[in-house]
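predicted model, plus sequence, below.
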Amino acid sequence: MSSIPAWKRAGLSVKAQQEAEDASLSTRRIESDDLSTKQIKKISNKRKLQDDDKHKTNKKPPKRVKLPKSERAPPPVKDQLTYIKQFHEDKANWKFNKLKQNWILKNIKDIPADYEEALVSYLGTLQGGSRDRLVPELKEVITKWNTQYEEAEKRIEEQLAKKLDGEKEEEKKEGEDEKKDDKKEEPKDEVNLEYALRCKAILAQLVEDVIEVKGE
């Protein structure tokens, strides 16, 4: 048997039980406090994300105002065009560039009319292999144009002759259909008068031959 009196044992038991309950309550409070902090932080972050998403949704990109063509900025000038213009107007500060020259030689037809004077001035100074290749190419363009012009003249003369001969309307219609078929068969690289005259102007700087361009 224990030497501790019963009343004292009962007092110790009550005290131990109370201390255990106090410790348990303290632990629950700590856990409750920690949980509340986590929950508050989680809710706060969630609200912040929702606010950010709402802000992004409501923020629409500004509408692009379309200006009329007369007020729009001109497209950037190609380096190759600036290259020949500088050669023509500021040769002291101009520097030769093989790649730009090759581009110009391949795009003679497509150079804007505003740069034609600079183009003729630049290509008129070509020498060596570049000059030897360019001259026959330009002459070929003019030959194509002259052939097209002669064929067009011939068709016009034939149509006039048919009208004078008083042919029937049906035959006249057939002739017009044939003309349409001829147009369909024309190659995509058809030469126009403007291009032929440009080639003539360049040739005048390179050779002494008299070049004829029909219809000028």
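Received the coordinates, thanks.

wouldn't Leu193 be in contact with Gly215 here?
Yes. Shown here, Leu193 and Gly215 form a contact pair, counting by CB atoms under 8 Å, at 5.9 Å. The C-beta positions use only the backbone N, C-alpha and C, and glycine is treated the same way.

can you map out the helices along the chain?
6-58, 79-89, 98-106, 116-123, 128-165, 169-184, 193-206 (DSSP state H).

hey, least reliable of those by pLDDT?
Note on these: lowest mean pLDDT is at helix 169-184, with a mean of 58.

buried ones in stretch 120-138?
120-123, 126, 134-135, 138 (16 or more other CB atoms under 10 Å).

what's the domain layout of the protein?
76-123, 130-216 (automatic domain parsing).

check the burial of Leu81 by counting its neighbours.
19 (other CB atoms under 10 Å).

what do you get for Ile84?
Neighbour tally, Ile84, other CB under 10 Å: 23.

show me the contacts for it.
Residues counted as contacts of Ile84 (CB atoms under 8 Å, 6 or more residues apart in numbering) are 104, 115, 118-119, 121-122.

in CSV: those residues, plus distance to Gln159.
Listed next are the contacts of Ile84 as CSV, based on distance: CB to CB, whole Å:
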residue, distance to Gln159
Ile104, 41
Tyr115, 39
Ala118, 42
Leu119, 38
Ser121, 42
Tyr122, 43
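
which of those sit farthest apart?
Greatest spacing in the contacts of Ile84, by CB to CB: Ile104 and Ser121 (11.8 Å).

can you lay out the buried residues of stretch 120-138 as TSV showing distance to Glu89?
Conversion of those to TSV gives the following (distance: CB to CB, whole Å):
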residue	distance to Glu89
Val120	14
Ser121	9
Tyr122	11
Leu123	16
Leu126	19
Leu134	22
Val135	26
Leu138	24
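
return the set of buried residues in stretch 80-94.
Neighbour counts over stretch 80-94 (16+ other CB under 10 Å) mark 80-81, 83-88 as buried.

dump the residues you listed to TSV, plus distance to Arg198.
Formatted as TSV, the buried residues of stretch 80-94 follow (distance: CB to CB, whole Å):
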residue	distance to Arg198
Gln80	16
Leu81	15
Tyr83	18
Ile84	13
Lys85	16
Gln86	20
Phe87	17
His88	15
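
out of the residues you listed, the closest to Pro68 would be?
Nearest to Pro68 among the buried residues of stretch 80-94 is Leu81, at 25.4 Å by CB to CB.

deepest of the domains of the chain, which one?
Most buried of those, by mean neighbour count (mean count of other CB atoms under 10 Å): domain 76-123, with a mean of 15.

about what we covered before: from the buried residues of stretch 120-138, which is closest to Glu153?
Leu138 (22.9 Å).

how near is the residue lying closest to Asp209 once chain neighbours are set aside to Asp90?
Distances taken as CB to CB, 6 or more residues apart in numbering place Leu203 nearest to Asp209, at 7.3 Å, with adjacent residues excluded. For Leu203, the distance to Asp90 equals 26 Å [CB to CB, to the nearest Å].

and if you look at Lys48?
61 Å.

again, but for Lys98
If you go by CB to CB, the gap between Lys98 and Asp90 works out to 20 Å.

backbone phi and psi for Glu208, please?
Dihedral pair for Glu208: phi -100, psi 0, per degrees, to the nearest 10.

test my guess that Gln101 contacts Gly128.
No. Contact between Gln101 and Gly128 fails when scored by CB under 8 Å: they sit 11.8 Å apart.
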